[in-house]
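**Student:** Got a sequence here, can you build the structure:
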Amino acid sequence: MDKTETEIKLEDAATQLQLAIDNMTNEGVFRSCINSFISFARSVTMVMERESSHNQELLNWYKSKTAQFATIPVMRFFVEQRNITIHRGNVRPTAQSIPLRNITGVETGEQPMMAIWVFDNVQDYVSGETGNVFRLCSQYLQTLSEMVNEWVYRKAVIETPGEVIEELQAGLGKLRGQILWMRGELTNARHTMELLNDILKRKGDSSHDDWVSELVIRIDRVITPEKFLSGSAISPMHRGDNVSANNTGTLMVNTILLSPTEADESGAEGVYATIRNDYARDKSGKPIFDKEFGFVMLGVQLKGPVAAEKRGFSTAKEAEDAAHWYYKMLRY
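**Tutor:** Residues are numbered from 1 along each chain as shown. Next comes the predicted model:
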């Protein structure tokens, strides 16, 4: 989509401000750029009004927005600066020298001086304002940028709603993909935490149970928030495998060892299966516990592939037997 004249005018203003920053040590160039910035920036709303004139709804929005500017001291200040540079001469910022301070903010002997540019008459509009040229111009430009962005969107909604809908749908599609990816990463993190905690418990360390259970619940709230939308509150946490519940039952997670040994310093692999009872869903997508079981295989120092996630088992025992069968099939 081609840029509007309003957007181009805003870019011109931004360019002049950047040139002023780049040439702040050259008074003549700096003054010219600041005057050009003020002129271009003030013209942004004028061009916007012209480009809104064919649509009353857009024009009404424009008028309400610019009416608000009359109450903003900085905006009133720049209106006056534009009147000066267009009708009465030039805006002439003043250079002021201030000492550079050390890290504690205290002036020290033989300190170099730093020059800054200030507007002379800004306190007539903004009480207590120091008049720093770059800060005030950046604030003015940011306000205009926000207005232009909103105007462009409103203009598109009014004039080309079909294109806006297509863009929104494309954006939602991309967002869904990102959400699915994040859910996958969180699911992997959850399984990994459960696996590592189970390994520690097998070694006699159960001190991490409560911490892991708390993190699992938090992850489940993100991955499957529907579990927590209705029904009874989450059951109190237990030391063990029960990590959450709803009005259909209790989520059960159990990690079993499939390989002959745990992973160890000699390089032996440790292959595990995490079995869950929450694979079945009702019509609203909420889990129905204990109706369908499944498992995910994970491993440390793997010496070969592991099976993809499997589901469709009637009991935890069936899922456990299947996990052992897949491991043997892939290793022997």
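**Student:** what's the next secondary structure element after the helix or strand harbouring R135?
**Tutor:** In this assignment (DSSP states H and E), R135 forms part of helix 133-159. Per DSSP H and E, helix 133-159 leads on to helix 161-202 as the next helix or strand towards the C-terminus.
**Student:** What residues does the residue nearest to R50 when sequence neighbours are not counted make contact with?
**Tutor:** Using Cβ to Cβ, 6 or more residues apart in numbering and skipping residues adjacent in sequence, the residue nearest R50 is E5, 7.8 Å away. Backbone N, C-alpha and C define where each C-beta goes, glycine included. By Cβ atoms under 8 Å, 6 or more residues apart in numbering, the contact set of E5 is V47, R50, E51.
**Student:** rerun at 10 Å
**Tutor:** With contact taken as Cβ atoms under 10 Å, 6 or more residues apart in numbering, E5 is in contact with S43, V44, V47, M48, R50, E51.
**Student:** go on, E194?
**Tutor:** By Cβ under 10 Å, 6+ apart, the contact set of E194 is 212-213, 215-216, 241, 243, 253-255, 272, 274, 276, 296, 298.
**Student:** buried set for the helix holding R135?
**Tutor:** 133-134, 136-137, 140-141, 143-144, 147-148, 151-152, 154-155 (16 or more other Cβ atoms under 10 Å).
**Student:** and which of those is nearest F289?
**Tutor:** Nearest to F289 among the buried residues of helix 133-159: R154, at 48.5 Å, using Cβ to Cβ.
**Student:** ok, the closest one to I179 distance?
**Tutor:** The gap separating R154 from I179 is 28 Å, by Cβ to Cβ, to the nearest Å.
**Student:** State the number of residues packed around Q81.
**Tutor:** 25 (other Cβ atoms under 10 Å).
**Student:** Pull the contacting residues for it.
**Tutor:** 34-35, 37-39, 41-42, 91, 119, 121-122, 125, 136-137, 140.
**Student:** Looking at these, which are in helices?
**Tutor:** I34, N35, F37, I38, S39, A41, R42, L136, C137, Y140 (DSSP state H).
**Student:** circling back: quick one: the residue nearest to R50 from Q56, how far?
**Tutor:** Taken as Cβ to Cβ, the span from E5 to Q56 is 20 Å.
**Student:** same question, M24
**Tutor:** Taken as Cβ to Cβ, the span from M24 to Q56 is 44 Å.
**Student:** which one of these two has more residues nearby?
**Tutor:** Set side by side, M24 and Q56 show more neighbours around M24, with 19 against 9, by other Cβ under 10 Å.
**Student:** just checking, the more buried one touches W117?
**Tutor:** Yes. Look at M24 against W117 with Cβ atoms under 10 Å: they come within range, at 6.6 Å.
**Student:** Can you give me the distance of A20 to V91?
**Tutor:** A20 is 11 Å from V91, by Cβ to Cβ.
**Student:** which residues do these two both contact?
**Tutor:** R31, I34, N35, F37, V133.
**Student:** Stretch 251-262: which residues count as buried?
**Tutor:** Neighbour count says stretch 251-262 has L251, M252, V253, N254, T255, I256, L257, L258, S259, E262 buried, by 16+ other Cβ under 10 Å.
**Student:** got it, and stretch 175-195?
**Tutor:** T187, R190, H191, M193, E194, L195.
**Student:** Please determine how far the closest residue to the second one other than its chain neighbours is located from T4.
**Tutor:** Setting aside the residues directly before and after it, R190 is nearest to I219 in space (Cβ to Cβ, 6+ apart), at 4.7 Å. Using Cβ to Cβ, one obtains 45 Å as the distance from I219 to T4.
**Student:** Quickly list the domain ranges of this protein.
**Tutor:** Per automatic domain parsing, the structural domains of the chain span 5-100+109-159, 172-331.
**Student:** Quote the end-to-end distance of the shortest one.
**Tutor:** One end of domain 5-100+109-159 sits 16 Å from the other (Cα to Cα, to the nearest Å).
**Student:** same thing with the longest one?
**Tutor:** Counting by Cα to Cα, you get 42 Å between the two ends of domain 172-331.
**Student:** And for stretch 200-208?
**Tutor:** End to end - Cα to Cα - stretch 200-208 spans 8 Å.
**Student:** Pull the residues that contact that stretch.
**Tutor:** 193, 196-197, 199, 209, 212, 215, 239-240, 255, 257, 262, 270.
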